[in-house]
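Undergrad: Sequence first, predicted model second:
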Amino acid sequence: MKIGRWDRNKFYDEAWPDEFHEFWKINNDPISVSWDKDYVNNYLKLADEYYQAACSIANEILQSEHSNEKNDRWFLSDIFMFRQSIELILKAKVYMYYSKKQEVQKIFHDLKHNVSGLFKLVKNFENDNLTNYELIWIEDYLNDMEQWDRNSSVFRYPFSPKFMEKNPPKFVDIYRTTVKMDITYSLIRSTFKESGQFKGGIPNELPHPEFFTEANDGMENCYLGGMVYSDSFFSDSSKYYTVVNGYLAVSEFLLTNDHKYVYPALFSLRHLIELELKQLSSSDYSEIKSLNFRMGSHKIYSDFWKKLRPVIEKTNQTGESTVILDDIGSFIEQLQLIDKEGSFFRYPAEYNHQVHYISKKIDPIHILTCVRAISNLLSGCSSMFDCYSEYESEMYL
């Protein structure tokens, strides 16, 4: 398929959970999810996969010719993919230079997603691999990245008021912003063995080390100003629209394009379910507002689905049977058992070095079908709750 011409498949847009719900079913080529105890290689391998996924998404965006969907929605997901690849490769470096597991565990626990802090820990080991000019540039760039996205959450969720208070650019130059993420990864990656392909594309004169590059207008750029959700005009649930649709499309793209990027896609699919459930949980509908949600939680079954299901069942206007809701619950519960905190497909191991492992093989395409079917139903519920909320508002005028 020609780059820039990819489009969503109607099959997934029309999927419904009366047919697709069994997590472990195998219809296509299955994969095994497991890592060994070679932590440096594991983190490096996963970093490369996230980086390659990010480059693939970026190429699709840049060659899509006036696609607002890709420029505005996909780009946010793509920033996360690049940022995740940089975090992973820096953690590979930590394992390389810090031999004591307890020391590594403390570093990961204390710094978490702080790429600037991670780089400061490994910077002094790289004097023979990178020039002083390159080291200073990486440090300055990562410092600025951290100012915008301190917890690696800004581009995974709706923009918060704190982010908007920093006055981000109205229009973001997608190409130049992407190039700097690419350069950062390539510079660090070039310090590993057998990494010649990463050295060739690094310019002698590096661009200004700021995270965003501002554009003059929205033509072929990201209209970040159009996503200012702090305005009271928008309901809490509508804030999720852009980020939901971004991860929805990107997850399908990563599994159905010419090259498949399984781990970034599986992360995106699990994250899509979390976003859809949090969108429902943010509704102004009285039946939802009366519930006490822990919006910072990632436990998609116990903290969200179990509370939402009775409301969905009570207000059911689509005729969905309790069997379908049972099946959806079973799928979401299984996903939570595998990935309690949204980190299973982001990292090869936990902070305590326990490697991630699934005892059975899984079918990523089947999981894509199931997640999209569930997502379609949850999106319908979100629209239904919005209608109920508007009706309630009119009643009390």
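TA: Yep, it's here.
Undergrad: Would you map the strands across the protein?
TA: Using DSSP state E, the strands of the chain run over residues 171-172, 222-223.
Undergrad: can I get the ones you listed in CSV with mean neighbour count?
TA: Where C-beta positions appear, they are placed from N, C-alpha and C, glycine not excepted. Output for the strands of the chain, formatted as CSV (neighbours: other C-beta atoms under 10 Å):
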stretch, mean neighbour count
strand 171-172, 22
strand 222-223, 22
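Undergrad: and those as CSV, adding mean pLDDT and distance to Leu88?
TA: Formatted as CSV, those follow (pLDDT from 0 to 100; distance: least, C-beta to C-beta, whole Å):
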stretch, mean pLDDT, distance to Leu88
strand 171-172, 96, 24
strand 222-223, 94, 24
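Undergrad: could you dump these to a markdown table with distance to Ser302?
TA: Below are those laid out as a markdown table (distance: least, C-beta to C-beta, whole Å):
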| stretch | distance to Ser302 |
| --- | --- |
| strand 171-172 | 37 |
| strand 222-223 | 35 |
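Undergrad: and of those, who's closest to Trp148?
TA: Trp148 lies closest to strand 171-172 among these, at 11.0 Å (C-beta to C-beta).
Undergrad: out of the strands of the chain, which comes closest to Asp363?
TA: For those, proximity to Asp363 was assessed by C-beta to C-beta; strand 222-223 is nearest, at 33.8 Å.
Undergrad: What pairs with the closest one, parallel or antiparallel?
TA: Strand 222-223 has the following strand partners under DSSP bridges: strand 171-172 (antiparallel).
Undergrad: mind listing what the closest residue to Glu287 other than its chain neighbours touches?
TA: Residue nearest to Glu287 in three dimensions, not counting chain neighbours: Val311, with 4.9 Å by C-beta to C-beta, 6 or more residues apart in numbering. Going by C-beta atoms under 8 Å, 6 or more residues apart in numbering, Val311 touches 287-288, 291.
Undergrad: where in the stretch 201-350 of the chain is pLDDT low?
TA: Where the stretch 201-350 of the chain drops to pLDDT under 70, the residues are 228-235, 237, 317-320.
Undergrad: residue boundaries of the helices in it?
TA: Remark: helices assigned in the stretch 201-350 of the chain by DSSP state H, counting those that start in this stretch are 241-256, 262-281, 286-289, 306-314, 322-338.
Undergrad: will you turn those helices into JSON lines that also has distance to Cys222?
TA: Output for the helices of the stretch 201-350 of the chain, formatted as JSON lines (distance: least, C-beta to C-beta, whole Å):
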{"stretch": "helix 241-256", "distance to Cys222": "11"}
{"stretch": "helix 262-281", "distance to Cys222": "18"}
{"stretch": "helix 286-289", "distance to Cys222": "31"}
{"stretch": "helix 306-314", "distance to Cys222": "32"}
{"stretch": "helix 322-338", "distance to Cys222": "30"}
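Undergrad: mind checking which of those helices is nearest Ser99?
TA: Set against Ser99 and scored by C-beta to C-beta, the helices of the stretch 201-350 of the chain come closest in helix 262-281, at 26.5 Å.
Undergrad: tell me which residues in the closest one are buried?
TA: 262-281 (16 or more other C-beta atoms under 10 Å).
Undergrad: Please apply the same query to stretch 170-182.
TA: Within stretch 170-182, the residues that qualify as buried are 170-174, 176-182, counting by 16+ other C-beta under 10 Å.
Undergrad: and if you look at stretch 136-146?
TA: 137-138, 141-146.
Undergrad: Can you list which of those are found in helices?
TA: Among the buried residues of stretch 136-146, DSSP state H puts 137-138, 141-146 in helices.
Undergrad: Of these, which is the nearest to Leu130?
TA: Taking C-beta to C-beta as the measure, Leu130 lies nearest Ile138 of these, at 7.6 Å.
Undergrad: my read: Met145 touches Val115, true?
TA: Yes: with contact defined as C-beta atoms under 8 Å, Met145 reaches Val115; the gap is 6.3 Å.
Undergrad: Now for the two: what residues contact both?
TA: Taking C-beta under 8 Å, 6+ apart as the contact rule, Met145 and Val115 both touch Arg83.
Undergrad: May I have the distance across stretch 31-43, first residue to last?
TA: The first and final residues of stretch 31-43 sit 19 Å from each other (C-alpha to C-alpha, to the nearest Å).
Undergrad: residue ranges for the helices of the stretch 51-200 of the chain, please.
TA: In order along the chain, the stretch 51-200 of the chain carries the following helices (DSSP H, counting those that start in this stretch): 68, 75-97, 101-111, 115-122, 132-148, 161-165, 174-189, 196-199.
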